[in-house]
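Participant: below: sequence and its predicted model.
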Amino acid sequence: MTLSPDEVAGVVDLFGELSPAELARAREELGYRLSEEIPETDVRAAVGAYTLVPYDRDGTRRIAVGPTAFPVVPDGGEDLPHILDIESCAPAKDALVAATLDRFNEESLLALRVGNPVECERLVDVSYDIEAWADVSLTPLRDRLDGATR
């Protein structure tokens, strides 16, 4: 079974944030409940789409819902908080935003350097989501990305 990025975000959103190991446990439990394996590639796709954002909190890797997410709890997922012994925890917003901006800047500069108009166009779209989610302005970088799509 494959989960959409928003469904993977829905699993994470049930807990606020998860470690990579906790997310793997949640994915395994959900797969068990649905009698189908949920691949790790679903998590990677959600991260790639900025639907999930990995970040460091107090020296520990965490994963939280990102700027492009519209979390949807997948079928069978609503009971995960009761089944798994994982404490709910709100993300550290400042650290989460910083990690998102760092990644966005790195990916944008790489796309501009290699001249990848498709990636530049994707990042233009992501920039609007980041601005709304993090209350920041990415206009200068977005303008450069937009210029590279023409």
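Facilitator: Sure, I can see it.
Participant: surely Leu30 touches Gly76?
Facilitator: Yes - if you go by Cβ atoms under 8 Å, Leu30 and Gly76 touch, sitting 5.8 Å apart. For glycine as for every other residue, the C-beta is placed from the backbone atoms N, C-alpha and C.
Participant: more neighbours: those two, which one.
Facilitator: Leu30 (26 against 15; other Cβ atoms under 10 Å).
Participant: secondary structure element holding that one?
Facilitator: Leu30 belongs to helix 20-34 when assigned by DSSP states H and E.
Participant: against which helices or strands is the very next helix or strand once past that helix packed?
Facilitator: For helix 20-34, the succeeding helix or strand toward the C-terminus, using DSSP H and E, is helix 40-48. Judged by 3 or more Cβ pairs under 8 Å, 6 or more residues apart in numbering; DSSP states H and E, the packing partners of helix 40-48 are helix 5-13, helix 20-34, strand 52-57.
Participant: highest average neighbour count across the ones you listed?
Facilitator: Of all these, helix 5-13 carries the top mean neighbour count, a mean of 24, counting by mean count of other Cβ atoms under 10 Å.
Participant: output the longest helix belonging to this structure.
Facilitator: Longest helix in the chain by number of residues, with DSSP state H as the criterion: helix 93-114.
Participant: for it, what is the distance to the chain centroid?
Facilitator: 13 Å (Cα atoms, centre = their mean, to the nearest Å).
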